[in-house]
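# attaching a predicted model along with its sequence, questions to come.
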Amino acid sequence: MRNVGLVLVCLVAACGGDDGGGDGGDGPACSDPKYGNGTCDLDTTCDMVDVDCVATFETQAEAQAWYEETHASIAPALPATDPLYDRIKPLLDEGWDAYRAVHDLGDLEAAEVQLVIVNPPQIQLAAFVVPFDAERDRAALAVMVEKVALQGSFTDEELRAIMMHELEHTLGLHIVAGVRESTIKFYVAPGTSEPFGYDADDDPMIREDYEDWRQFALVTGHFSDAELGGFPFALLQQALNAFLGTLPSPLPAPCATALQNLNAARTAILGAVNKLDSSLTLTPSDTEQIVARFTAVRDQCVSATTLDAFGFVAQVTGLSIAQVKASLPADVAAQLEGINPVVGLYNWAVNARRLMREIEARFAARTGQPWSRLRYYSTEEAADDSAAWTMKALGEEGNIGISLSKLEQIEAQCVPLVTGNQPIAYGENLVDEHHASCWRGGHYKAIQASDDGPSRVAPRRRSSPPLRRSIFEKEAPLYMN
């Protein structure tokens, strides 16, 4: 196995000259002495990412051996003799040729992208890429694709677009430590406009609003609807499950019925989520029912536990109770301390949603736009942008957003919006950096229709501050999809 360099997309129209590479010239790809010195450096003076930031493989066998040694826990790999390779590898190779046609790749020009087909029990990521090693200081030039995705309803064109999205995660160094977090930018989409995120400037005040909002969304879920009351999702749901797990078995019949009714309410709420924009529509009567069902759990399932809500959140996160308390405003924390865990977790969610709505109102006052007009540019959007241009070079569309709408069973709703150039909701789940699938479909189409080429894609350098993390936030996974 050898390490080769990686060159970024050409950032200006006149790439080349002394710092140009991959065009058949005799000069080096980059004259900066940090380029190619054996250490991945994200801040060379060149328009290219350091040649040392990517590892390549001479053969598929090398790539598969590396994957099985380092990442097979994600999903086992299929043997290289599987006939699916004969179908999918040419799609990847043709996409790679197109990628090289629209990106300046310098020393990476002669490298080959390898394919590893993996076999999870059900579709999880469709396709993904992972760093070369645990240090996350290099990307690996290999794309992993799930067998179940290859046997689904995706066309070859759609599969190629999905793989080109993953390829950009690799060549954009999105899986190198720190790059994903520092790529994110926040801005407003005024009125009904949809500016391209790569062209936007990061607005510190909008970033602050988002980061404050996200701290609570990670705890109680992205829904800020007052009608939802204190029904918890995300971390608080895990804590509620931890509490319910302490109840004695077998449960008394009244408690079992109360829990059954609570779970039925959760199923009904999740079934009411609008898949186009991840929103909920609830009524005051829904709120009354939710309160009644939590009250029944409190009254029928009280256990002998000595822990309050803080204790169960600490149990889930591995943090101290003092750290958990410190994550909340002091006046809110005082309302939750020492009371029944069901009541405490419910009231915690109520307060988190109230604070989320206050942040949304603050954003509206600052910008003159509703919260739904907040936008953020992420590595997922960057990967969609690159895939759109690569596919355009092939004369293909392969719209990723429409492809994913198949999986979410919203294709019939989404396609008319995309093809008719209609406004599409960005999506309420702002914790997900992918954004709503149908919005991605409209954005992807707009990118392909634009006259701007990949020279307009933002530099993949540490130009933005890292996203402020919650104390409850888990480390980002090694893989990206």
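Everything's here; your move.
# what average pLDDT does stretch 356-376 get?
Average pLDDT, stretch 356-376: 97.
# give me the buried positions along it.
Neighbour-count burial for stretch 356-376, counted by 16 or more other CB atoms under 10 Å, picks out 356-357, 359-360, 362-364, 367, 371, 373-376. Just so you know, the C-beta spots here come from the backbone N, C-alpha and C atoms, and that holds for glycine as well.
# okay, these in a markdown table with distance to residue 293 next?
Putting these into a markdown table (distance: CB to CB, whole Å) gives the following:
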| residue | distance to residue 293 |
| --- | --- |
| 356 | 23 |
| 357 | 23 |
| 359 | 28 |
| 360 | 27 |
| 362 | 32 |
| 363 | 33 |
| 364 | 33 |
| 367 | 38 |
| 371 | 29 |
| 373 | 35 |
| 374 | 33 |
| 375 | 37 |
| 376 | 35 |
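# inside strands: which ones of those residues?
For those, the ones inside strands are 374-376, with DSSP state E as the criterion.
# helix or strand for the residue nearest the centre of the chain, which one?
Compute the mean C-alpha point of the chain, and by CA atoms, centre = their mean the closest residue is residue 433, 3.8 Å away. Of the helices and strands defined by DSSP states H and E, none includes residue 433.
# run a quick neighbour tally on the closest residue in space to it that isn't next to it in sequence.
Using CB to CB, 6 or more residues apart in numbering and skipping the chain neighbours, the partner closest in space to residue 433 is residue 378 (3.9 Å). Residue 378 has 20 neighbouring residues, counting by other CB atoms under 10 Å.
# please apply the same query to residue 389.
With neighbours defined by other CB under 10 Å, the count for residue 389 comes to 25.
# in what helix or strand does it lie?
Assigned by DSSP H and E, residue 389 falls in helix 379-393.
# state the next helix or strand along the chain beyond that helix.
helix 400-407.
# contacts for that following helix?
Helix 400-407 has contacts (CB atoms under 8 Å, 6 or more residues apart in numbering) with 123, 126, 152-154, 158, 161-162, 165, 384, 387, 411, 413-415, 418, 437-444.
# what score does residue 34 have for pLDDT?
You'll see residue 34 listed with a pLDDT of 86.
# pretty sure it sits against residue 42.
No - look at residue 34 against residue 42 with CB atoms under 8 Å: they stay out of range, at 9.8 Å.
# who touches both of the two?
What both residue 34 and residue 42 touch, as defined by CB under 8 Å, 6+ apart, is the set residue 50.
# which ones are touching residue 281?
Taking CB under 8 Å, 6+ apart as the test, what residue 281 contacts is 272, 274.
# of the contacts of helix 400-407, buried ones?
Neighbour counting by 16+ other CB under 10 Å classes 126, 154, 158, 161-162, 165, 384, 387, 411, 414-415, 418, 437-444 among those as buried.
# correct me if wrong: the residue nearest to the centre of the chain contacts residue 380.
Yes - between residue 433 and residue 380 there is a contact under CB under 8 Å: 4.8 Å.
# in the stretch 101-250 of the chain, which spans are strands?
114-118, 127-128, 139-140, 142-146, 185-188 (DSSP state E, counting those that start in this stretch).
# those strands: which one's closest to residue 202?
Across the strands of the stretch 101-250 of the chain, residue 202 has its closest neighbour in strand 185-188 (4.0 Å, CB to CB).
# what's next to the closest one, contact-wise?
If you take CB under 8 Å, 6+ apart as the criterion, strand 185-188 is touched by 195, 197, 200-203, 206-207, 210, 367, 369, 373-377, 458, 464.
# so of the residues you listed, which ones are in helices?
Within these, residues falling in helices by DSSP state H are 206-207, 210, 367.
# of those residues, just say which sits nearest to residue 429.
residue 210 (12.8 Å).
# for the closest one, grab the count of nearby residues.
Residue 210 has 23 neighbours, counted by other CB under 10 Å.
# isn't it right up against residue 374?
Yes - when contacts are counted by CB under 8 Å, residue 210 is listed as touching residue 374 (6.5 Å).
# now the common contact residues for the two.
186, 430.
# what are the bridge partners for the closest residue to residue 67 other than its chain neighbours, then?
Leaving aside its chain neighbours, residue 67 sits nearest to residue 116 (4.9 Å; criterion: CB to CB, 6+ apart). Beta-bridge pairing for residue 116 (DSSP bridges): residue 144.
# residues contacting residue 116?
Residue 116 neighbours (CB under 8 Å, 6+ apart): 60, 63-64, 67, 77, 142-145.
# any idea how far residue 126 is from it?
Residue 116 sits 14 Å away from residue 126, going by CB to CB, to the nearest Å.
# what's the overlap in contacts for these two?
By CB under 8 Å, 6+ apart, the residues touching both residue 116 and residue 126 are residue 145.
# if we can go back for a sec, from the ones in strands among the buried residues of stretch 356-376, which is closest to residue 297?
Set against residue 297, the nearest of these by CB to CB is residue 374 (35.2 Å).
# surely that closest one meets residue 207?
No - contact criterion CB under 8 Å: residue 374 and residue 207 do not qualify, at 10.1 Å.
# show me how the record splits this structure into domains.
Following automatic domain parsing, the chain resolves into domains at 2-184+378-393+451-456, 205-362.
# span of the shortest one from start to end?
Using CA to CA, to the nearest Å, the gap from the first to the last residue of domain 205-362 comes to 10 Å.
# please apply the same query to stretch 468-481.
Length of stretch 468-481, first residue to last, CA to CA: 22 Å.
# what do you get for stretch 126-145?
6 Å.
# any idea of the mean pLDDT in that stretch?
For stretch 126-145, the mean per-residue pLDDT is 94.
# check stretch 333-348 too.
In this model, stretch 333-348 has an average pLDDT of 94.
# same question, stretch 469-480
Here stretch 469-480 scores 81 as its mean pLDDT.
# that stretch: how far from the chain's middle?
Remark: stretch 469-480 is offset 11 Å from the chain centroid, using CA atoms, centre = their mean, to the nearest Å.
# check stretch 125-141 too.
On CA atoms, centre = their mean, the centre of stretch 125-141 falls 15 Å from that of its chain.
# what comes up buried for it?
Counting neighbours by 16+ other CB under 10 Å, one finds that the buried residues in stretch 125-141 are 125-132, 136-141.
# before we move on, what SS does residue 325 have?
State at residue 325, reduced to three classes by DSSP: H, G, I helix; E, B strand; the rest coil: helix.
# can you pull the pLDDT of it?
pLDDT for residue 325: 94.
# if we go by neighbour counts, what in stretch 472-480 is buried?
Within stretch 472-480, the residues that count as buried by 16+ other CB under 10 Å are 472, 478-480.
# quick one on the thing from earlier: make JSON lines from the ones in strands among the buried residues of stretch 356-376 and add distance to residue 309 to it.
Listed next are these as JSON lines, based on distance: CB to CB, whole Å:
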{"residue": "374", "distance to residue 309": "30"}
{"residue": "375", "distance to residue 309": "34"}
{"residue": "376", "distance to residue 309": "31"}
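# nearest to residue 339 among those?
Taking CB to CB as the measure, residue 339 lies nearest residue 374 of those, at 34.5 Å.
# all good on my end, thank you.
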